[in-house]
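**Student:** model the following, please.
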Amino acid sequence: IYLKKENVLTVVNLMNHVRISKRILFPSTALIYKASTDPISEAGELDQSSTYAQSKTIGEQILKFHSKRQEVDHTVVRFFNVFGPGQLSMYIIPQILRQIIEENRVVVRNGAVMRDMLFVDDCIDAVLRLAVTPEAANDVFNIGSGEIVSISDIARQAIQVSERPNVEYTDLEQNIDYSPTAIMADITKVTGTIDWRPRVSLAEGLKRMWDSYVD
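**Tutor:** Got it, this is the predicted structure:
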């Protein structure tokens, strides 16, 4: 709850106490959307059942209000599942790779959960392009791959990338509260605004992460 509170208060303090003269780029999340196996547009239905989603939605609203009041532009980017070397161990792909390295097995809570995975280099490229594109001012953009994959498929691809024999895979098939069962970005808007498309495949991204662990 403390972290969710900070999501809101940080935006409030920034907008109230910092003199801003250039466009603000606000990092939001795709977890504010309602679960769907179909691509979700920026106008997609929201799900406010988690405090994290609520805090990010409120942050977007505060940003829009204050940017209008201060007559400064803003751009909101809603990140889907970004991954890459150096990612914290709390996230799914680092968990999977560490299990392969340390235990020669992978255990996931629910392999049927589906996510849109975007490699960090592609994410950074999109954000940097949006930040300097006038047409991106005062608008909201999904940042994702536009493709969906199950946690089970991610685990199996990671095992394949590792080239380690006899890695055991177990799916606990648990229900995970306050987490969408499936979520995928409609990236039509962002690709129509900037010259950008994801370039790094899931397999290539997993290989780069694996190499960063074992080198």
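**Student:** how close does Glu45 sit to Gly144?
**Tutor:** Per Cβ to Cβ, to the nearest Å, Glu45 is found 17 Å from Gly144. Bear in mind the C-beta positions are built from the backbone N, C-alpha and C, glycine included.
**Student:** what does Glu102 give?
**Tutor:** For Glu102, the distance to Gly144 - Cβ to Cβ - is 30 Å.
**Student:** when these two are compared, which one has more neighbours?
**Tutor:** Under the criterion of other Cβ atoms under 10 Å, the comparison of Glu102 against Gly144 puts Gly144 first, with 29 against 8.
**Student:** pretty sure that one contacts Asp116?
**Tutor:** Yes: counting by Cβ atoms under 8 Å, Gly144 does reach Asp116; the two are 4.2 Å apart.
**Student:** mind listing the shared neighbours of the two?
**Tutor:** 30, 80-81, 184-185 (Cβ atoms under 8 Å, 6 or more residues apart in numbering).
**Student:** ok, and the most crowded of those?
**Tutor:** So for the shared contacts of Gly144 and Asp116 (other Cβ under 10 Å), the most neighbours sit at Ala185, 29 neighbours.
**Student:** so what's that residue closest to, chain neighbours aside?
**Tutor:** Sequence neighbours aside, Gly144 is the residue nearest to Ala185 in space, at 2.8 Å (criterion: Cβ to Cβ, 6 or more residues apart in numbering).
**Student:** show the contacting residues for that neighbour.
**Tutor:** 30, 79-81, 116, 118, 184-185, 187.
**Student:** and which of those is nearest Ile151?
**Tutor:** Looking at these and their distance to Ile151, the nearest is Asn81, at 10.2 Å (Cβ to Cβ).
**Student:** and the closest one, what's its pLDDT?
**Tutor:** With respect to pLDDT, Asn81 has a value of 97.
**Student:** could I get the contacts of Gly144 in JSON lines, plus columns for distance to Gln174 and secondary structure?
**Tutor:** Below are the contacts of Gly144 laid out as JSON lines (distance: Cβ to Cβ, whole Å; DSSP: H, G, I helix; E, B strand; the rest coil):
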{"residue": "Ala30", "distance to Gln174": "22", "secondary structure": "helix"}
{"residue": "Phe79", "distance to Gln174": "25", "secondary structure": "strand"}
{"residue": "Phe80", "distance to Gln174": "22", "secondary structure": "coil"}
{"residue": "Asn81", "distance to Gln174": "19", "secondary structure": "strand"}
{"residue": "Asp116", "distance to Gln174": "21", "secondary structure": "coil"}
{"residue": "Leu118", "distance to Gln174": "25", "secondary structure": "strand"}
{"residue": "Met184", "distance to Gln174": "22", "secondary structure": "coil"}
{"residue": "Ala185", "distance to Gln174": "25", "secondary structure": "strand"}
{"residue": "Ile187", "distance to Gln174": "30", "secondary structure": "coil"}
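**Student:** since that was my last question, I'll sign off now.
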